[in-house]
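**Q** Sequence plus predicted model, see below.
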Amino acid sequence: MATSALHQAQAQFDGAARALGLSEAEAEVLRAPRRELHLRFSVRLDDGAMRVLSGFSILHNDVLGPAKGGLRFHPQESADRVRALAMGRTWQAAALDLPLGGCAGGVICDPHGFSERELAAICRAWVRAAQASLGARRLVLGPELMAGERELQWALDEHERLVGRHEPGAFSGKGLGLGGSRGHAEATGYGLVYVLREALRDAGLSPGAVRASVQGFGSVARHAIALFAQLGGTVSCVASWDQAAGCARAYTKPGGVQLAELAPIADRYGGIDPAAAAARGYAVLPGEAWLEQEVEVLVPAALEGQLRADNVGRVHPAVRFLLEGASGALETDAATQLAARGVRELPELIAGAGAMLCGYFEQVQGEINHAWELDEVLGRLDLKLTEAYQNIGALAERRGLGLREAALLLATERVAAACRSRRWV
């Protein structure tokens, strides 16, 4: 049975709190969000009907600085899922030693079922409903699941209309024309590969000798596949959601997956056309076949809860690394089983931090009214992630911990210390 994302996040925090000897009050402050907005708002559809939707804006903790997180659209979105994501962003920022807190936003809807005009209306209505929580110095959201650059552009435009001034730092990932940063599209996917490169180096392997199987074909997965291929690696399989069939499918091809072949036949949400893929020589398999591939690296880069106690036994014995590209993709029981098999987990807390870092870079560029070149952004991203991986890896080795536990321990300690300094506890 799948574990809820919030239960898993809180259980992991509880372990860190015990290890650090946090007081009951300190643990209570850090275990739950500081502020939540549960939203109900209406939009007019193209046929003139009104639709009432629900959403969330949740701030977990902002003791270190303005809260940063992602905005998600999903038909099964829930308050607990958004709470878990917001908590994860707090630890991610602290683990990277950034002056940021953690938050998340969500809308319960399936974007596939709306026109572009309707989606713009949903974004603007969500901003109006959440306005009391938003702002460059308060709570800043960027692209996440099924919410990309255009959605953030609509959100920023509505926010600036409401506040009556330009405030580009209120949202991140909204494109260069509205004050965004070069490299934001690449940041999370490239960040995954930067961390994988370091882990492979530690193991005495080169990317050219490594195969990967990837779940997801959205922006994160595509950029990770692109950079991994540049480094000489092979992606043997990719899985994505087939909206028309209402199920996931996996795609393989002798010699490896080619991004140039699949990208043109995928929709904006990463769904690949199975008939078109078959015509290009791909085998079209059931969605969970991505788990069973004979590869060295598994990359879940879609949704949380994708590797669980009930399916982790299907992971091929050749797998040596689990590169977590989606928050909470690896549940605790599955992580324990993989660790016992010698699989090294590269947690999203570090490996998936590219969007958090580039969002911070975007904030800095906005403050000084200057845009860095792409090479500078990616160079800073590489440097910061490599430094974080090495520092957290050293702590893990000293304490006999996995990377996830070490990163969470370091992050919790930093946030708790700041709460004590401000006398929040």
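**A** Perfect, thanks for sending it.
**Q** for the residue nearest to A276 when sequence neighbours are not counted, what are its contacts?
**A** Distances taken as Cβ to Cβ, 6 or more residues apart in numbering place I265 nearest to A276, at 4.0 Å, with adjacent residues excluded. In this view, the C-beta of every residue, glycine as well, is placed from N, C-alpha and C. I265 makes contact with I272, D273, A276, A277, R280, according to Cβ atoms under 8 Å, 6 or more residues apart in numbering.
**Q** Touching, the first one and P264? I think so.
**A** It stands for I272. No. Counting by Cβ atoms under 8 Å, I272 stays clear of P264, with 10.2 Å between them.
**Q** More neighbours: those two, which one.
**A** More crowded of I272 and P264, by other Cβ atoms under 10 Å: I272, with 22 against 10.
**Q** what are the phi and psi angles of that one?
**A** phi -90, psi 140 (degrees, to the nearest 10).
**Q** if I look at it, how far off is A339?
**A** 32 Å (Cβ to Cβ, to the nearest Å).
**Q** after the helix or strand harbouring A199, next one along is what?
**A** Using DSSP states H and E, A199 falls within helix 184-202. Helices and strands here follow DSSP H and E; after helix 184-202, the next one along the chain is strand 211-215.
**Q** for that following strand, packing partners?
**A** helix 219-230, strand 234-242, strand 297-300 (3 or more Cβ pairs under 8 Å, 6 or more residues apart in numbering; DSSP states H and E).
**Q** most packed of the ones you listed?
**A** Burial of the helices and strands packed on strand 211-215 is given as mean neighbour count (mean count of other Cβ atoms under 10 Å); strand 297-300 ranks first at a mean of 29.
**Q** how distant is the helix or strand following it from the center of its chain?
**A** Beyond strand 297-300 on the C-terminal side, the first helix or strand identified by DSSP H and E is strand 321-323. The chain centroid and the centroid of strand 321-323 are separated by 15 Å under Cα atoms, centre = their mean, to the nearest Å.
**Q** Next: stretch 232-251.
**A** 18 Å.
**Q** now swap in stretch 127-137 and tell me
**A** On Cα atoms, centre = their mean, the centre of stretch 127-137 falls 21 Å from the chain's centre.
**Q** measure it end to end?
**A** 16 Å (Cα to Cα, to the nearest Å).
**Q** Now do that stretch: everything it contacts.
**A** Contacts of stretch 127-137 (Cβ under 8 Å, 6+ apart): 35, 37, 39-41, 55, 57, 59, 66, 105, 139, 141, 155, 158-159, 162-163, 167-170, 363, 366.
**Q** can you tell me which of those are in strands?
**A** R35, L37, L39, R40, F41, G55, S57, L59, G105, L139, L141 (DSSP state E).
**Q** How much space separates A394 from A388?
**A** Distance from A394 to A388, by Cβ to Cβ: 11 Å.
**Q** wait, I meant V214
**A** 23 Å.
**Q** Looking at these two now, which is surrounded by more residues?
**A** More crowded of V214 and A388, by other Cβ under 10 Å: V214, with 31 against 24.
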